[in-house]
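>>> Prediction below, plus the sequence it came from.
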Amino acid sequence: MKPEQSLIFELSRPGRSAYSLPACDVPQEEAIESLIPAGLLRSEPAVLPEVSEVDVIRHYTALSRRNFGVDNGFYPLGSCTMKYNPKINEDVARFPGLAKIHPYQPEESLQGALELMYTLQKDIAALTGMDAVSLQPAAGAHGEWTGLMMIRAYHESRGEARTKVIVPDSSHGTNPASAAAAGLDTITIPSNDKGMVDLEALKAAVGSDTAALMLTNPSTLGLFETQIVEIASIVHEAGGLLYYDGANSNAIMGITRPGDMGFDVVHLNLHKTMSTPHGGGGPGAGPVGVKAKLIPFLPQPTVARNEDGSFSLHTGGPESIGRVKAYYGNFGILVRAYAYIRTYGPEGLREVSENAVLNANYMMHRLAPYFEIPYPGVCKHEFVMSGRNLKQYGVRTLDVAKRLLDFGYHPPTVYFPLTVEECMMIEPTETESKETLDGFIDTMIQIVKEAQETPEIVINAPHTTEISRLDETQAARKPVLNCACG
Amino acid sequence: MKHRYLPMTEQDRQEMMETVGIRSIEELFADIPQSVRYQGTLPMSEALDEYALLRHMKELADKNANFDTHASFLGAGLYDHHIPVVINHVISRSEFYTAYTPYQPEISQGELQAIFEFQSYICELTGMKVANASMYDGATAFAEAAVLAAGATKRKKLVVSRTVHPEARQVLATSARALGLSIVEVGYRNGVTDQAELAAAIDGETAAVLLQSPNFFGAIEDLAAIEPLIHAAKGLLVVSANPLALGVLEAPGRLGADIVVGDAQPLGIPASLGGPTCGFFAVAEHLMRRMPGRIVGQTVDRNGKRGFVLTLQAREQHIRREKATSNICSNQALLALCASVYLSVMGKEGMREVGGLNIRKSRYAADKLAGISGAEAAFTAPYFNEFVLKLPEGTNIADINARLLKAGILGGYDLGRDYPELAGHMLIAVTEKRSKAEIDQFVSVLEGCL
């Protein structure tokens, strides 16, 4: 067993350092204490580690080796679209002309950046079938909130007090949470036995107070909502708007567009569909597209092209919901997404979706004999299956997930959506080869066999990782949230 | 030609379709109603080969002035600090950047420990007990702090100083409108919050006083004097701070702040047109379970070995849905890693030294600039690395910045954009990167413009 990895603070030795700063070439006779009143200065220095540059590199290299990313292996985490993160995107985002720029520089000195944003706005509008796009939101949930704020402002501009947001029971947790942050109430409606929206429940839920229906399509079950046209008309006839949660857009690029399905507002997760890296939890980007009637409500600023071909920032009119983030969005992520779109072009993006969907269907068919597939038929970019057939051996889905770690795989999303018992949600993405999928499938089959014959191997997994299962109850009951080294 | 990111060969495709039991890919999409199928090719930008894409991106990049081509005196919330070389090497390790949120702790101890160390760093700098794993940026962290304060006090009035970053106040205004919170803005005197006006604005309905220090003008607020005003009314004190300045300035937590937020951009994060940066969020212990976002905690595994997990998740959207403390899911983890590596590199001495350099170089620049005929320091309040220069009546800052740009200089921020009464005032930031020669040149070119 490997020893515990020291905290950086524990490596500290007085007198070591890893920094090199520019020289002080201005007068320094006066003490800092005479330049700033003592009461405003730190009474005690911050307790920060004293380490050498080698210590820093070894420490973080050691941490990186205790972490698993897409570059380490298969990462079929459903609804997260853990596709390959192209390396050219990382390189171009680091060009000084794209990384070392300030949002308040004169516009004439930012024309390349603004051109990139303008083109990306247009490309995302084309891809989603929307009329205008804001690149401001920093993540998917931030995009949802921005979209709901616009929907709210739209209704208010028409003198209507619509406060209810309808979501299916299979929706992402961010949907109701974003509604709450936008000052709106959530109504959750059940799915029918096919995993689709229950139309009768929807009809019963809509009314004069309906602000919007939020829908992920394909849903978190990996199913395309075939009743979408009827759903759109039910919501629109009630005076509500349709919000598209774009988390699952990897299934439909070039095949169908939210705008054509009847959606009024859409966000895309660039860190999913557009391959920008997930960064260990972020940063992402969640641009929002809208139909023409919502353009006045877009957050500020957006990028426009002037008659002379130059680009400038527009702050928007009095109906804009205002600002949702400082500056102009997560620009560095926008750069990567733009490079991704330019790598594929429209035909390539369609091929991406086709391959993602075929990969998912292939896995579902091969795994069907070993697990319960609650919604058989055709799936989109992901599918769900239930591990409840293993409960008879005392093995739960969590155990299967942990056993996968021993074979070098990141497990699927587990226990989501909440509507499927012992759920596993598998999203292979298009960048995985058939051999990779087969390897994972064969491993899953082996784990089922283990569950039947030697369940303790599965129940006690993982066996090969740095650490074994952690005591999460203790972590929450007696929180230790920092090293208290100071 | 096969696309380089798509491994599926024609033979694979045939075999997989056979397994699925279909004859064409089209059958996989047969459930999508024909009426909503997209026909034809999307009108999007064309594909480029790798070399053409590199050239295209270089062309776009070269149209932008940047910190390598120009000496920057722009701050206003984003600063041109030296970024230690090792940071890019660490965040380029793909075990970090190609991973997602550490849902599986057994294979995510690296990220979890990195976040735990980030939380520890933020607590140490801010003087607070608890910090989270990051927010989108300083402005959204500021707005979330206001929402937390309103929830914790069950009050709806927020008293905000006009010395807070205008964009942070705008983001707050957007959130506040949604939640029915009211905002009272308080003016400034000599570059810092007007304490008399502030005292008059606070009442029994006030959820929080929200300040920034160093504030948007670069001036350091007197938190020790303000803290009793809001606490006497049983409201909370929210402070947005520059974490780099906290290497030398007193920790807001030691001055009575209940919530400390800010943007970690000064800690080794490229300006990147303003994003992605990294918001941080720290609170006093009694507010811990109301925090937004991910939190990492220490625990033990089955063998008693120290390990780290995502914890206190009962606050979060994936568990609580509409009752969550925030809707945030993805955060800015990779930038939090930048900040951690920065603080590891700088350490105890480096943070003091870089703070000192910022103070001295900005003093030198301020003195020189105030010597220009017709120009003067707008305020005399103590400042960190940024200050306001009043230029002669009728000076157009945008014109001056256009001329500075031609001379290889990114001039300061035009305060007239947000403060009509400060037309003709330039907000100037001077970091440790600016040499005496660059400062002298800036002074000389600016003088020539007037």
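Good, I have the coordinates.

>>> residue contacts, residue 310?
Because you didn't say which chain, this covers chain A. Neighbouring residues of A:Ser310 by CB atoms under 8 Å, 6 or more residues apart in numbering or on different chains: A:107-108, A:111. Using the backbone N, CA and C atoms, a C-beta is placed for each residue, glycine as well.

>>> not what I meant, chain B
Contact partners of B:Leu310, counting by CB under 8 Å, 6+ apart, are B:101-103, B:105, B:112, B:294-297.

>>> same thing with B:Arg302?
B:Arg302 sits next to A:468-469, A:471 when contact means CB under 8 Å, 6+ apart.

>>> now those: which count as buried?
Among the contacts of B:Arg302, those scoring as buried are A:468-469 (criterion: 16 or more other CB atoms under 10 Å in any protein chain shown).

>>> what about B:Asn242, how many residues close to it?
Other residues within reach of B:Asn242, judged by other CB atoms under 10 Å in any protein chain shown, total 28.

>>> which of the contacts of A:Ser310 has the most neighbours?
Neighbour counts for these peak at A:Gln111, which has 17 neighbours (criterion: other CB under 10 Å).

>>> tally of neighbours for the closest residue to that residue other than its chain neighbours?
With CB to CB, 6 or more residues apart in numbering or on different chains as the criterion, A:Gln111 has its nearest non-adjacent residue at 4.6 Å, and that residue is B:Lys63. Look at B:Lys63: counted by other CB under 10 Å, it has 17 neighbours.

>>> contacting residues around B:Lys63?
B:Lys63 makes contact with A:97, A:111-113, A:115, according to CB under 8 Å, 6+ apart.

>>> If any of these are buried, put those into a ChimeraX selection.
Restricted to the buried members of the contacts of B:Lys63, where burial is judged by 16+ other CB under 10 Å, the ChimeraX selection command reads as follows:
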select /A:97,111,112,113,115
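
>>> Of the contacts of B:Lys63, which belong to strands?
Within those, no residue falls in strands by DSSP state E.

>>> remind me, longest strand of chain B?
strand B:206-213.

>>> Can you name the next helix or strand after that strand?
helix B:223-232 (DSSP states H and E).

>>> Which neighbouring elements make contact with that next one?
Under the contact criterion of 3 or more CB pairs under 8 Å, 6 or more residues apart in numbering or on different chains; DSSP states H and E, the helices and strands touching helix B:223-232 comprise helix B:195-201, strand B:206-213, strand B:236-241.

>>> where exactly do the helices run in the stretch 351-486 of chain A?
In order along the chain, the stretch 351-486 of chain A carries the following helices (DSSP state H, counting those that start in this stretch): A:397-406, A:434-453, A:455-459, A:472-477.

>>> So which residues make contact with the last one?
Which is helix A:472-477. With CB under 8 Å, 6+ apart as the contact definition, helix A:472-477 has outside contacts at B:297-300, B:309, B:311-314.

>>> Kindly recompute the last result at 7 Å.
The list of residues contacting helix A:472-477 from outside it, by CB atoms under 7 Å, 6 or more residues apart in numbering or on different chains, reads B:297, B:299, B:309, B:311-312.

>>> Not counting its neighbours along the chain, what's nearest whatever residue of chain B ends up closest to chain A?
Minimum separation of chain B from chain A (CB to the nearest CB) falls at B:Gly274, amounting to 2.4 Å. The shortest distance from B:Gly274 to any non-neighbouring residue, by CB to CB, 6+ apart, is to A:Tyr327 (2.4 Å).

>>> pLDDT weak spots in the chain?
No chain specified, so I'll use chain A. By pLDDT under 70, the weakly predicted segments of chain A are A:1-2, A:485-486.

>>> my bad, the chain I had in mind was chain B
Looking along chain B with the criterion set at pLDDT under 70, you get B:1.

>>> does chain B sit close to the helix or strand encompassing A:Glu156?
Here A:Glu156, judged by DSSP H and E, is contained in helix A:140-157. Yes: among the residues of helix A:140-157, A:140-142, A:144-145, A:149 lie within reach of chain B under CB under 7 Å from any CB of the partner chain.

>>> Spell out which parts of the stretch 301-450 of chain A neighbour chain B.
If contact is defined as CB under 7 Å from any CB, the residues of the stretch 301-450 of chain A in contact with chain B are A:321-333, A:339, A:341-348, A:351, A:354-355, A:357-358, A:361-362, A:365-366, A:378, A:402, A:405, A:410-411, A:430-431, A:433-434.

>>> Now the buried members of those residues.
The neighbour-count criterion (16+ other CB under 10 Å) marks A:321-333, A:339, A:341-346, A:348, A:351, A:354-355, A:357-358, A:361-362, A:365-366, A:378, A:402, A:405, A:410-411, A:430-431, A:434 among these as buried.

>>> so how far is stretch B:126-145 off the chain centroid?
Relative to the chain's own centre, stretch B:126-145 is displaced by 9 Å; criterion: CA atoms, centre = their mean, to the nearest Å.

>>> ignore the last one, stretch B:61-72
For stretch B:61-72, the separation from the chain centroid amounts to 21 Å (computed by CA atoms, centre = their mean).

>>> ends of it, how far apart?
17 Å (CA to CA, to the nearest Å).

>>> In that stretch, which of the residues would be classed as buried?
Taking 16+ other CB under 10 Å as the basis for neighbour counts, the residues of stretch B:61-72 that come out buried are B:61, B:63-67, B:70-72.

>>> ok, and of the contacts of B:Arg302, which contact chain B?
Among the contacts of B:Arg302, chain B is touched by A:468-469, A:471 when using CB under 7 Å from any CB.

>>> how about the host helix or strand of B:Ala282, does it reach chain A?
Using DSSP H and E, the secondary-structure element containing B:Ala282 is strand B:279-283. No: under the criterion of CB under 7 Å from any CB, chain A is not reached by strand B:279-283; the shortest gap measures 9.3 Å.

>>> Name the residue of the stretch 201-350 of chain A that lies nearest to chain B.
Taking CB to the nearest CB, the stretch 201-350 of chain A has A:Tyr327 as its residue nearest chain B, at 2.4 Å.

>>> contacting residues for that residue?
The neighbours of A:Tyr327, taking CB under 7 Å, 6+ apart as the test, are A:103, B:167, B:273-275.

>>> now, among the residues you listed, which is nearest to A:Gln136?
The shortest separation between A:Gln136 and any of the contacts of A:Tyr327 is 9.2 Å, and it belongs to B:Gly275 (by CB to CB).

>>> Would you mind confirming that the closest one is in contact with A:Asn330?
Yes: using CB atoms under 7 Å as the test, B:Gly275 is close enough to A:Asn330 to be in contact (4.1 Å).

>>> Count the residues that sit near A:Pro27.
A count of neighbours around A:Pro27, defined by other CB under 10 Å, yields 11.

>>> separation between it and chain B?
7 Å (CB to the nearest CB, to the nearest Å).

>>> And the most centrally placed residue in chain B, its phi and psi?
By CA atoms, centre = their mean, the mean C-alpha position of chain B lies nearest to B:Asp263, the distance being 3.0 Å. Main-chain dihedrals, B:Asp263, degrees, to the nearest 10: phi -120, psi 130.
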